[in-house]
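>>> test case, fold it:
(one chain, ligands or ions: 2)
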Amino acid sequence: MSRSNRLQVWSGSAPSEPAVPRANLSEVAYTGANPDGTGKNCKNCFLWRPASNECTIHEASVVAVATTICSYHVFGAPQDGELTLQNLSPVQPECSGLKQVKDGSACQNCRFFRKIAQLDGRCIAVADPDENNADALVSAIGRCSRWLEAF
Ligand code: SF4
Ligand code: SF4
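Numbering: from 1, shown residues only. Ligands and ions are numbered 1, 2, ... in the order given. From the prediction side, this is the model:
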């Protein structure tokens, strides 16, 4: 495996029906809700550099804008200062799942989400081994690398 692939997570595009077998929760870089309840995208990621539309962990040639997102999203205020991750090989977009999203992405606007309560739902594309591989219980405003816009 090349160094640039070290941080690879499952981010392949999924068909309209969940893949068989489903991915496990531990494989899809699932993160819970942003503390402020917003949908996730580069504009609320600590690793975004808004002045240059770059991302700290991707090559400088990779365009990251307010409305893109990848699986390495880290909630926080974007930085335009001297933030560098020395000795880290750049992550490739095909590994990070970098993609355009309209209004931020969250489970609640993912085609695999099935709402069960105000802020909770089950994901038909991700299994939870700790729950006998049931559809994973997820936050409506969580997100994982399998996110696909709802129809
Ligand atoms: S591309 Fe990913 S890691 Fe980079 S700023 Fe956007 S969400 Fe954050
Ligand atoms: S609903 Fe979508 S974003 Fe949420 S865990 Fe499932 S596949 Fe990932």
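>>> hmm, the least confident helix or strand in the chain by mean pLDDT touching ligand 2?
The weakest-scoring helix or strand in the chain, judged by mean pLDDT, DSSP states H and E, is strand 99-100 (a mean of 88). No - judged by CB under 6 Å from any ligand atom, strand 99-100 and ligand 2 are separated, with a smallest distance of 12.1 Å. Where you see a C-beta, it was placed from the backbone N, CA and C, and this is true even at glycine.
>>> ok, then the element right after that strand?
Per DSSP states H and E, strand 99-100 leads on to strand 113-115 as the next helix or strand towards the C-terminus.
>>> for that next one, name the packing helices and strands.
Counting contacts by 3 or more CB pairs under 8 Å, 6 or more residues apart in numbering; DSSP states H and E, strand 113-115 packs against strand 120-128.
>>> and stretch 85-94, how far apart are its ends?
Counting by CA to CA, to the nearest Å, you get 20 Å between the two ends of stretch 85-94.
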